[in-house]
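1. can you look at this prediction? I've put the sequence above it.
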Amino acid sequence: MSGDESDAGISAPDDIELVARCQTGDVVAFELLVRKYSARLVRLLRGYLHSEQDADDVAQEAFVRAWRGIKSFRGASGFYTWLVRIAINEANRHLKKRARIPAPGTVDGERVDLDAADWRPGPEGRLLRADLLRQLERAVLALPVKYRAPVVLRDIEGMSTTEAAAIIGVSEAAFKSRLHRGRLLLRRTLGDALLDESGESR
Amino acid sequence: MNGKTTLNPIRMTRFMIDHMWVRTRVSSYLDGELSDAGQARLRRHEIDCPECHETIEKIGRILGALPLLRREQPGHASVDRTATAVLARIQDR
């Protein structure tokens, strides 16, 4: 987890207190946790599922499951880490049920153009073309779930290996192996798409 | 390996061992998780191996671009919607 997003595996004291209150059935405390983490979770799920509606549905389901299981939460990881683990499992179930890969560059079936505002500095100060971003997005969405989660959590969300491995529920070594495999698949899928403006292989 | 270079069997064997070693450690290298000795070994091999060099280059570029796919955080309306829906479900039980 990066920057202002703490809770990298260790609960902040207020989370511990809120969780303890939740474990006694305090719904108000749970609402505070929902409001604290909802936006982060929905953002992550939008990137993972590529659908705003699906992300909202899965986030709600994850919170409900978290509430139902809160008494079994022992604080071995941070609350958010635990919540994301539930959400990713739910998202994977959702993907399996839907068994579909949404069209790239769409949200809820509507095309979302990565226009000029999305031309951002890439590596070495180059401008990354919007169509390249679309290809990259398509490649991530085409990854098998086993490899998509590591790539999304580590390389897009910027989580640490330790936290991302904890979320997926595998050892760090296994996580690194999956992450590497996912990156190799991206590289294979993108092929020679990584061309610079002159058409020269970058 | 550079096709123009002919290696003796011992060097060829060493090259292939390094090749397999590097192939499984590209991510660790790019994540800065290789030891100094490991980094040196990888870089030595990369000089002689266009295939590994290209893999490192391309995955490096992918890693540079992936954070651009990170979505914007939804606003208060989304939080309110989620909180309302979740509370309705857990209080409905």
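-> That came through fine.
2. which element is residue 28 on?
-> Let's take chain A. helix A:27-49 (DSSP states H and E).
3. um, chain B though
-> The secondary structure element spanning B:S28 is helix B:26-30 (assigned by DSSP H and E).
4. now for the following helix or strand past that helix, which elements pack on it?
-> Tracing the chain past helix B:26-30, the next element assigned as helix or strand by DSSP H and E is helix B:36-48. Using 3 or more C-beta pairs under 8 Å, 6 or more residues apart in numbering or on different chains; DSSP states H and E as the contact definition, the elements that helix B:36-48 packs against are helix B:9-23, helix B:26-30, helix B:50-65. Bear in mind the C-beta positions are built from the backbone N, C-alpha and C, glycine included.
5. what's the burial count for the closest residue in space to A:L132 that isn't next to it in sequence?
-> For A:L132, ignoring the flanking residues on the chain, the nearest one in space by C-beta to C-beta, 6 or more residues apart in numbering or on different chains is A:A193 at 6.5 Å. Applying other C-beta atoms under 10 Å in any protein chain shown, we find 17 other residues in the vicinity of A:A193.
6. next: A:I167.
-> A:I167 has 26 neighbours, counted by other C-beta under 10 Å.
7. quick check: it vs A:Y37, distance?
-> According to C-beta to C-beta, to the nearest Å, A:I167 and A:Y37 sit 13 Å apart.
8. for A:R65, see how far away the most centrally placed residue in chain A is.
-> With distances taken as C-alpha atoms, centre = their mean, A:L44 lies nearest the centre of chain A, 3.8 Å away. For A:L44, the distance to A:R65 (C-beta to C-beta) stands at 16 Å.
9. got it, and B:R25?
-> B:R25 is 38 Å from A:R65, where distance means C-beta to C-beta.
10. the more surrounded of these two?
-> For B:R25 versus A:R65, the count of surrounding residues by other C-beta under 10 Å is larger for B:R25: 18 against 15.
11. show me what contacts the more buried one?
-> The neighbourhood of B:R25, defined by C-beta atoms under 8 Å, 6 or more residues apart in numbering or on different chains, consists of B:34, B:38, B:42.
12. let's go with 10 Å and repeat that
-> Contact analysis of B:R25 by C-beta atoms under 10 Å, 6 or more residues apart in numbering or on different chains lists A:176, A:180, B:33-34, B:38-39, B:41-42.
13. then B:W21?
-> Per C-beta under 10 Å, 6+ apart, neighbours of B:W21: B:38, B:41-42, B:45.
14. what sits against the residue nearest the centre of chain B?
-> The centre of chain B sits closest to B:S27, judged by C-alpha atoms, centre = their mean, with a distance of 3.6 Å. Under the criterion of C-beta under 10 Å, 6+ apart, the neighbours of B:S27 are A:154-155, A:176-177, A:179-184, B:33-34, B:56, B:59, B:63.
15. of all those residues, which two lie farthest apart?
-> Using C-beta to C-beta, the pair of the contacts of B:S27 lying farthest apart is A:G182 and B:L34, separated by 18.8 Å.
16. so between these two, which is more surrounded?
-> More neighbours surround A:G182 than the other of A:G182 and B:L34, with 24 against 18 (other C-beta under 10 Å).
17. returning to that earlier point: the residue nearest to A:L132 and A:E137 touch, don't they?
-> No: under the criterion of C-beta atoms under 10 Å, A:A193 makes no contact with A:E137, lying 11.8 Å away.
18. so where's chain A uncertain?
-> Along chain A, segments meeting pLDDT under 70 span A:1-13, A:99-129, A:194-202.
19. how does it look with 50?
-> Along chain A, the model assigns pLDDT under 50 to residues A:1-6, A:8, A:11-12, A:101-126, A:195, A:197-202.
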